[in-house]
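> Got a sequence here, can you model it:
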Amino acid sequence: MPEGYLALVLHAHLPYVRHQDEEHFLQERWFFEALTECYIPLVKTFNQLIGDGLFFRLTLSISPPLAHMFQDDLLAKRFARYLDNLHSLAEAEIQRTKSQPHFNMLARMYRDWFEEAYDIYQSYDRNLLNAFKKFQEQSRLELITCGATHGYLPLLSEQPQAVKAQIHYAVQAHRKAFRANPKGFWLPECGFYPGVDRYLADAGIKYFFVDSHGLLFARPRPRYGTYAPVITPAGTAAFARDMETSKQVWSATEGYPGDYDYREYYRDIGYDLDWNYIKHFLFHDQPTHTGIKYYRITGKTEHKEPYQPEWAREKAAIHAANFLFNRQRQVESLKTHMDRPPIIVSPYDAELFGHWWFEGPQWLDFLIRKTVCDQKDIELITPGDYLDRHPDNQPAVPCQSSWGNEGYHAVWLEGSNDWIYRHLHDAGRKMVYLANKFPRARGIKKKALNQAARELLLAQSSDWAFIMKTGTLVDYARERTNKHLENFNRIHNSVLSGRMNKKWLNEIASENNLFPNIDYRVYR
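Numbering: from 1, shown residues only. Prediction:
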């Protein structure tokens, strides 16, 4: 038995962004950038590790909206075109930088990177879920689910049916995508409130995650702090985020991604070069990120030096070794106070690796190799594995909490976004009423009620409140919230009046088409 365990947890989520009537919709780039810079590099990293015969265990939560977008044929076609455009831009950059050897080398690096991304994407039939399924079958990944549309559950808790629906549809979508029941559940934004564990248990969920203080302030206080799970009254296990590993990776001042040798995210040729040159490759009417970035962080000033890939790779190796060393010291200190090996739970947004932190997948590769090959004190494990080995844990009730700023609900409930909840709660009450009034709907009425459930779920996405709070693309977030609520209310009124516009219903059902097997009766 090892001295301690390390549970690396990556949370993969994006809001549902699919606009079938607009060929070059700017917000769809969120998904395309995540594919190119995060998910394809992670697939490449896992394949390299497996190809070298290394056995590792990681946990990956894939939200239902992201899983649906992975499988969507329209988005797959547009992503292939997006990659082709970036490849053409990189080729143009190779020509433009012929007299600048270092930038020319970087342009060639990006050209090769886009080619490799395209090849990997094609090898999985333009659906990365096929890759993650394979890793699950090879016992490298433990795949878990999230809220159906990443709804922030503590602020939906006024209506138990709304919370249950977020959990039910998520589990159903996961089962359909991966042919397996999820053991774990990523509470959106780690938003926990006492009682939600009962709905998770009813859905067959064995464990979930809370932020550090969610467990530290549990009742009774946990004997082992955040280094062992507690069992809630419903019988589900709550694992807590480790503060030290969070600080080393997430901290804006002390975290590894801020190292001066790493690539600078904000210096992109989409802003540095003449837009009249760039726009021919991106088909947008405003400057945006291309993914081609020539500079390293350098320092805290506006002055930036050219990016040196080998320097960055060396730093990734150094930081991986430092991370592992610190975990060994952490375990060495903890083990004398516990009757079992401590588990250090390190959850991160998946997009940190590659998108925000370009070298993140390299760091992860080095960390896994060093953990597997260079020591025996720490074992990579999943929460499901831990519960199989250590099923007896302290009973406790975590406190209401989140991993947002200040640790509670302030990010998703403040002056810029608090207006949405009266409308979400009103729509939730109406959905319950419709489900009870029409328990055996058929034909067009059943289709309308199922679409009403989709529109409600999409309006509940925590992403819209988060975007309003951060002040970026606020108009789009408000528009999406209002549009889904408007669609819901129109369906509600049409069902009650018996006058349904079938053409309009078919249009929005085609546009907002996630959860193809949705059944509105979950809201009864």
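> Now name the helix or strand holding E486.
If you go by DSSP states H and E, E486 is part of helix 474-497.
> Centre of the chain to that helix, how far?
Relative to its chain's centre, helix 474-497 lies at 25 Å (C-alpha atoms, centre = their mean, to the nearest Å).
> Mind giving me the packing neighbours of that helix?
helix 420-437, helix 443-459, helix 462-470, helix 502-511 (3 or more C-beta pairs under 8 Å, 6 or more residues apart in numbering; DSSP states H and E). Placement of C-beta: from N, CA and C, glycine included.
> which stretch among those helices comes nearest F103?
For F103, the closest of these is helix 462-470, at 32.5 Å, according to C-beta to C-beta.
> Quick check: mean pLDDT of that closest one?
What helix 462-470 shows for mean pLDDT is 97.
> which ones are touching R241?
190, 209-212, 226, 345-347, 403 (C-beta atoms under 8 Å, 6 or more residues apart in numbering).
> Need the phi and psi values for it.
Here is the backbone geometry of R241 (degrees, to the nearest 10): phi -70, psi 140.
> now the strands for this protein?
4-12, 58-62, 141-146, 184-186, 207-210, 230-231, 237-240, 343-349, 378-380 (DSSP state E).
> Pairing partners for the fifth one, with directions?
The pairing partners recorded for strand 207-210 under DSSP bridges are strand 184-186 (parallel), strand 237-240 (parallel).
> so which of those strands comes closest to D463?
Nearest of the strands paired with strand 207-210 (C-beta to C-beta): strand 184-186, 14.3 Å.
> ok, and what's touching the closest one?
9, 11, 59, 61, 63, 142, 144-147, 167, 170, 200, 203, 205-209, 382-384.
> same thing with stretch 87-105?
106-108, 110-111, 114-115, 118, 269, 277-278, 281-282, 290, 292, 294, 306.
> what about P309, how many residues close to it?
The number of residues packed near P309 is 16, by other C-beta atoms under 10 Å.
> Can you pull the domain assignment for the protein?
Domain assignment for the chain, taken from automatic domain parsing, gives 4-242+340-406, 416-523.
> Now A201: closest residue in space that isn't a chain neighbour?
A234 (3.9 Å; C-beta to C-beta, 6 or more residues apart in numbering).
> For F56, give its distance to V372.
6 Å (C-beta to C-beta, to the nearest Å).
> anything in contact with each of these two?
Common contacts of F56 and V372 (C-beta under 8 Å, 6+ apart): L380.
> More neighbours: which of those two?
Shown here are F56 and V372; by other C-beta under 10 Å, F56 has more neighbours (21 against 18).
> Was I right to think that one contacts R140?
Yes - using C-beta atoms under 8 Å, F56 makes contact with R140 at a distance of 6.0 Å.
> From the contact counts, what lies against the lengthiest helix in the chain?
In the chain, taking DSSP state H as the definition, the longest helix is helix 309-334. Packing partners of helix 309-334 (3+ C-beta pairs under 8 Å, 6+ apart): strand 4-12, helix 243-250, strand 343-349, helix 360-373, strand 378-380.
> pLDDT score for the nearest residue to S139 once chain neighbours are set aside?
Spatial nearest neighbour of S139, chain neighbours left out: R57 (7.4 Å); criterion: C-beta to C-beta, 6+ apart. Confidence at R57, expressed as pLDDT, is 98.
> Next up, phi/psi of R57, please.
The phi/psi pair for R57 (degrees, to the nearest 10) is phi -130, psi 120.
> Offset the numbering so it begins at 482, please.
In the new count, where the first residue is 482, that last one comes out as R538.
> What residues does it make contact with?
Counting by C-beta under 8 Å, 6+ apart, R538 has contacts 620-623, 861-863, 866.
> what's near enough to touch N608?
Contacts of N608 by C-beta under 8 Å, 6+ apart are 551-552, 557.
> how close does it get to E509?
17 Å.
> Could you do P663 as well?
P663 is 27 Å from E509, by C-beta to C-beta.
> Looking at those two, which is more packed in?
P663 (25 against 20).
> what's the pLDDT at L763?
The model reports L763 with a pLDDT of 84.
> Surely it touches T769?
Yes - with contact defined as C-beta under 8 Å, L763 reaches T769; the gap is 6.6 Å.
> More neighbours: which of these two?
For L763 versus T769, neighbours defined as other C-beta under 10 Å are more numerous around L763 (21 against 16).
> just for the stretch 832-981 of the chain, where's the confidence low?
Nowhere does the stretch 832-981 of the chain drop to pLDDT under 70.
> Relative to A488, how far out is E791?
According to C-beta to C-beta, E791 stands 31 Å off from A488.
> Flag every buried residue along stretch 637-654.
637-638, 640, 642-654 (16 or more other C-beta atoms under 10 Å).
> returning to what we had before: just the buried residues of the contacts of N608.
551, 557.
> Out of the contacts of N608, which is nearest to F839?
Using C-beta to C-beta, those come closest to F839 at F551, 22.0 Å.
> Out of the strands paired with strand 688-691, which gets nearest to F659?
Across the strands paired with strand 688-691, closest to F659 is strand 665-667 (C-beta to C-beta), at 12.6 Å.
> for the record, mean pLDDT for that closest one?
Here the average pLDDT along strand 665-667 is 98.
> Tell me how far that strand lies from the chain's centre.
What separates the centre of strand 665-667 from the centre of its chain is 12 Å, taken as C-alpha atoms, centre = their mean.
> now swap in stretch 581-598 and tell me
28 Å.
> For it, buried residues please.
In stretch 581-598, counting by 16+ other C-beta under 10 Å, buried: 584-585, 587-588, 591-592, 594-595, 598.
> R910 against Q640, yeah?
Yes - counting by C-beta under 8 Å, R910 does reach Q640; the two are 6.8 Å apart.
> What's the local residue count around K911?
The burial count for K911: 20, using other C-beta under 10 Å.
> Check L995 too.
21.
> right, and it touches R935 too?
Yes - between L995 and R935 there is a contact under C-beta under 8 Å: 6.7 Å.
> List the contacts of the closest residue to G885 other than its chain neighbours.
Closest residue to G885 apart from its sequence neighbours, by C-beta to C-beta, 6+ apart: V892 at 3.8 Å. By C-beta under 8 Å, 6+ apart, the residues touching V892 are 670, 883, 885-886, 946-947, 950.
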